[in-house]
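1. Got a sequence here, can you build the structure:
(one chain, ligands or ions: 1)
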Amino acid sequence: MTLDWPRHIPTLTDGVVWLRPLEPSDVDAVYTCASDPASQRFTTVPSPYLRSDAVEFVDRASAQVWPGFEVAITGDDDALVGTCGLRIRDEDSDVVAIGYMVSPSARGRGIATRATRLLIDHAWSLGAHRVALDAFATNTASRRVAERCGMTQEGVLREAHLGNGGIRHDVVLYGLLRSDPDVSPSDGGGVR
Ligand SMILES: CC(C)(COP(=O)(O)OP(=O)(O)OC[C@H]1O[C@@H](n2cnc3c(N)ncnc32)[C@H](O)[C@@H]1OP(=O)(O)O)[C@@H](O)C(=O)NCCC(=O)NCCS
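-> Numbering: from 1, shown residues only. Model (predicted):
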């Protein structure tokens, strides 16, 4: 493997959003984010989501780096508006996977797109060859994030995931190779 995985959870910024290690003071905001109906429907967070789930998540995420890390997404006031993470999917092929969620009150402002671009750039700096993102087919917002970050839709796994509420989801596979053209304009790519 040629991945140069970090020993510490990184802090990253594009000057508009910051990715930083999670802290105990983030628990309430994580709870708000993960208990929202869209997060419950489109991610694998526990359902129902309890405050103790948020405490456990923050506790684990504030220390865990391998085989992946989760970070807080914040603005310049340091308040958590979402979480995102980078995880090794296949060590031998230098493939990493990205995931994210944004608080309901902060959605539609380009936050997930900016955070994902930061994680993608970081993945290349770690030596990744490929970045993967899986989204449920009905998750229009997440699929737009993938597309805005230049990822290619590569396939659909029909009814591959049994989600919360017993709903079966088609899973859309997105991928980006290090050698793919960079589609991120230096001004943030029209992200608000
Ligand atoms: C998916 C999610 C992270 C997007 O976060 P966000 O910060 O609002 O995303 P952005 O503002 O960067 O928006 C990206 C695109 O999605 C679009 N979008 C945002 N919310 C949308 C919605 N509810 N329906 C359709 N499109 C939507 C935006 O308009 C934008 O597209 P555009 O550039 O063509 O205008 C957020 O909706 C969320 O947390 N959802 C629940 C958890 C989840 O689904 N996580 C991902 C699992 S794969």
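2. Could you verify that residue 153 is part of a helix?
-> No - counting by DSSP: H, G, I helix; E, B strand; the rest coil, residue 153 is not part of a helix but strand.
3. From residue 65, how far out is it?
-> Computed as CB to CB, to the nearest Å, the residue 153 to residue 65 distance reads 30 Å. Glycine gets a C-beta too; all of them are placed from N, C-alpha and C.
4. quick one: buried residues of the least confident helix or strand in the chain by mean pLDDT?
-> The weakest-scoring helix or strand in the chain, judged by mean pLDDT, DSSP states H and E, is helix 37-42 (a mean of 95). Buried residues in helix 37-42, defined by neighbour count with 16 or more other CB atoms under 10 Å: 39-42.
5. contacts with the ligand among the residues you listed, please.
-> Subset of the buried residues of helix 37-42 in contact with the ligand: 39, 42, counting by CB under 6 Å from any ligand atom.
6. out of the buried residues of helix 37-42, who's nearest residue 168?
-> Of all the buried residues of helix 37-42, the one sitting nearest residue 168 is residue 41; the distance, using CB to CB, is 12.4 Å.
7. What is the subsequent helix or strand relative to the lengthiest helix in the chain?
-> Of all segments of type helix in the chain, defined using DSSP state H, the longest is helix 111-125. Going down the chain from helix 111-125, the next helix or strand is strand 130-136, by DSSP states H and E.
8. partners of that following strand, with directions?
-> Strand pairing for strand 130-136, using DSSP bridges, gives strand 95-102 (parallel), strand 168-177 (antiparallel).
9. Does residue 62 touch residue 22 like I think?
-> Yes - A contact is recorded between residue 62 and residue 22 when judged using CB atoms under 8 Å, the distance being 4.8 Å.
10. Between those two, point out the one with more neighbours.
-> Ranked by neighbour count (other CB atoms under 10 Å), residue 62 and residue 22 place residue 22 first, with 25 against 17.
11. Tell me the secondary structure at the more buried one.
-> Reduced to three states with three-state DSSP, the structure at residue 22 is coil.
12. hang on, isn't it packed against residue 69?
-> No - with contact defined as CB under 8 Å, residue 22 and residue 69 do not form a contacting pair (9.5 Å).
13. any shared contact partners between those two?
-> residue 61 (CB atoms under 8 Å, 6 or more residues apart in numbering).
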